[in-house]
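my questions are about this predicted structure, shown below with the sequence.
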Amino acid sequence: MEQAAVIFQPSGHRGLVPKGVSVMQAARELGEEIETLCGGKGLCGKCKVLVAEGSYPKYGIVSRRSHLSEWQKTEERFITPKEREEGCRLACCAMIQGDVLVYLPEESRAAKQVVSKRARVLPVAMDPAVRRYPLKLPQPSADNPIADLDRLLEALALVPGLKRIVTSRDPLNIFDIDVLRTLTGRLRAENWQVTVSVWMAREIIRVRPGFDGGLFGVAVDIGTTTIVASLVDLKTQTVVATQTAMNPQIRYGEDVISRINYHLQDPGGLEQMGRDVIRTLNDLVAALLLTTWPDDPKVTNGPWLRLEAEDIEDMTIVGNTVMHHLLLGLEPTYLARAPFPPVVHRSLNIKAKTLGLNICPSAYVYMLPIEAAFVGADNVAVLLAETPHRGEPVQLIIDIGTNGELALGNRQRIVTASCATGPAFEGAEITFGMRAAPGAIERIRIDPQTQEVAYKVVGNDVWSDYAQAGELKTCGICGSGILDLLAELYRSGIILKSGAFSPDQTSSRFRTNADTGQAEYVIAWAPETGIGRDITITQKDVRQIQLAKAAIYAGCKILMEKLGADNFDVVKIAGGFGIHIDPEKILIMGMIPDCDPQKIISVGNAAGTGAIMALMNVEKRAETDWIADWVEHVELSTEGHFKQEFFKALHIPHMEDAFPHIEPLVDPKILRPPHGS
């Protein structure tokens, strides 16, 4: 097979790849991270690269633009004629036919995301699945030469509640082979004093020399975009440390459908995506353990836990249904085909070593149950944490992520649904959209009188109107900034109720792009940015945001109809977005039906909180099974009038529904235009 040399700059990643693969595939093979929100289908335009033309003796190659496949019509949607002249291509469309040097612009690099998803710890009774028992065993003697395991079981039989371990007729159900392999040495290491870890009062998962009262587990929230892992001290019920990472499956597509399609297109895709997540989970566990050790290995005292992988004796995992199936290697194809049946609904207990997780090998991983194809264990965990099923107040809970999940109800009845929100709110299909990495605009203000823009970026507390040119290194707009933007554009009169740019524009920021012919509004001028170009919002971008917000609003209306409710007592915004969202702007843009802004509260990473609760208390695990069976899932795509509600919700804040609570916030001429524009 013929090969070509590929060099990526500025990272310096290089190597040989088979001729005929795409630049995107070459990047994956060589460890280069290129932004791809559509999974390499030529739909998002985020993977722009520049191909160098010339000889590079330093690298021993001659790079030619002609060493890539012919220009594709798809690329015309995203690359201007000027950019094409400069050698710009889409990495997913350009096939390598010879040696090339490829440069990744700043906006095309998959920068490390800034994740704000630390979970809360809510009070629950301490009743973990694993318990530790300190034992002092009699040593073998001529009068008592019984086997080491029998000696251990006799001692455990004296512990209240553990008699079934001794009386079980199937020894393989009361201990793991890994326990047996290390048993002899560990019993004798501390003069027959040991600490025995028992799972669910029926299986020995670890025997440790000496008396040790510590007990630790890890709770994991696998999101479509990010993964969050929390190390929990189960004795003190505290979170010792939290680590986050981007979900590595992003390279196969930003949304769950893209990843299902990757599995269908690549025979080894399912296994590869599962391995990617397991590798990331192991990296997160290693990072968590590292936080319990001093930086200086010579330090011998202090409050350091000094935990090792074997000390993690329990784990809980939540995630949406597709993430659940990809992790476990379960066939995900039919999750995307009506009637959308998952492989399994119920909760699962799986050995850590079966999954390839580097914790105590005999430990179990508890996978919370799922509700439906697109309402998964993460939603069950949110309900466990927020307890709408335990009270009379009607709660509307919205978990805004790559896949938006809705729940509405109280102890009488709860209905849930899923709607596609993520692609726009995560930056996909937005010209300068990006994830929440340093330099991403996260908050925006537009003066209604001057229509001048002020913004704040991730990683810097200074607003742009107080910063020097270029100081903020602005490079795009992330989810919370995108949500701010639609409300601010409307409130300041830049766009109309329909979402169209107002024809009565006086600001120099409004213009028609010479290359694309699209109307656009400048958010940040080129000298302010770190990419050397104006950052704009286009008419097409506005439409994409409208589509996302309308999906949530229409979903809320359908659930309210199903429940027979005309209002709600509280609105809880969960997920990373919830931490940064302004309640007033949620109402102004029309993401949810009108209510008092004070009713809208952030609950942060509620899915992670639910995972921690299930880690701490086995009764909470039973409660998750009950929740998953009890709630009523509504498939919005089969609701006959969903499209009608969706169309009405495209308007800002809505075509028909009243919004009395935003009247003090928006000029009456904008809120009620004379001709209904």
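Good, I have the coordinates. As the structure is a computational prediction, the values presented were derived from the model and not from experiment. Numbers count the residues shown, from 1 in each chain.

got the domain boundaries for this structure?
3-108, 130-209, 219-367, 380-423+546-671, 426-539 (automatic domain parsing).

so which of those domains comes closest to residue 124?
Comparing these against residue 124 with C-beta to C-beta, the closest turns out to be domain 380-423+546-671 (4.7 Å). All C-beta atoms are positioned from the backbone trio N, CA, C, and that covers glycine.

sorry, back to before: output the domains of the chain as a markdown table; include the columns mean pLDDT.
Shown next, in a markdown table, are these (pLDDT from 0 to 100):
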| stretch | mean pLDDT |
| --- | --- |
| domain 3-108 | 86 |
| domain 130-209 | 86 |
| domain 219-367 | 90 |
| domain 380-423+546-671 | 91 |
| domain 426-539 | 88 |
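
mean neighbour count added to those, as TSV?
Output for these, formatted as TSV (neighbours: other C-beta atoms under 10 Å):
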stretch	mean neighbour count
domain 3-108	18
domain 130-209	16
domain 219-367	19
domain 380-423+546-671	20
domain 426-539	20
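
now those domains in TSV, with distance to residue 121?
Shown next, in TSV, are the domains of the chain (distance: least, C-beta to C-beta, whole Å):
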stretch	distance to residue 121
domain 3-108	33
domain 130-209	18
domain 219-367	6
domain 380-423+546-671	6
domain 426-539	24
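
nearest to residue 123, out of these?
Evaluated with C-beta to C-beta, those place domain 219-367 nearest to residue 123, the distance being 7.7 Å.

what's the first-to-last distance across that closest one?
10 Å (C-alpha to C-alpha, to the nearest Å).

one more: stretch 287-296?
End to end - C-alpha to C-alpha - stretch 287-296 spans 16 Å.

ok, stretch 61-74 next?
End-to-end for stretch 61-74, by C-alpha to C-alpha: 29 Å.

kindly report the same for stretch 29-44.
21 Å.

again with stretch 39-47
Span of stretch 39-47 from end to end, C-alpha to C-alpha: 10 Å.

same check on stretch 631-649?
End-to-end distance for stretch 631-649, by C-alpha to C-alpha: 26 Å.

which residues touch the closest residue to residue 369 other than its chain neighbours?
Of all residues not flanking residue 369 in the chain, residue 628 sits nearest, at 3.9 Å (C-beta to C-beta, 6 or more residues apart in numbering). Neighbouring residues of residue 628 by C-beta atoms under 8 Å, 6 or more residues apart in numbering: 345, 346, 347, 368, 369, 370, 371, 380.

secondary structure class for the first one?
In other words, residue 345. Look at residue 345: counting by DSSP: H, G, I helix; E, B strand; the rest coil, its state is coil.

tell me the SS of residue 444?
strand.

leaving out sequence neighbours, find the closest residue to it.
Counting by C-beta to C-beta, 6+ apart, the residue nearest residue 444 is residue 484, at 4.3 Å.

surely the one you found touches residue 446?
No - the pair residue 484 and residue 446 fails to qualify as a contact (C-beta atoms under 8 Å) at a distance of 9.1 Å.

what helix or strand does the residue nearest to residue 369 sit in?
Per DSSP states H and E: residue 628 is located in helix 618-630.

from the chain's centroid, how far away is that helix?
With C-alpha atoms, centre = their mean, to the nearest Å as the basis, helix 618-630 stands 23 Å off its chain's centre.

who does the very next helix or strand once past it touch, helix- and strand-wise?
The element immediately downstream of helix 618-630 (helix or strand, assigned by DSSP H and E) is strand 632-633. Using 3 or more C-beta pairs under 8 Å, 6 or more residues apart in numbering; DSSP states H and E, the elements in contact with strand 632-633 are strand 414-419.

perfect, that will be all.
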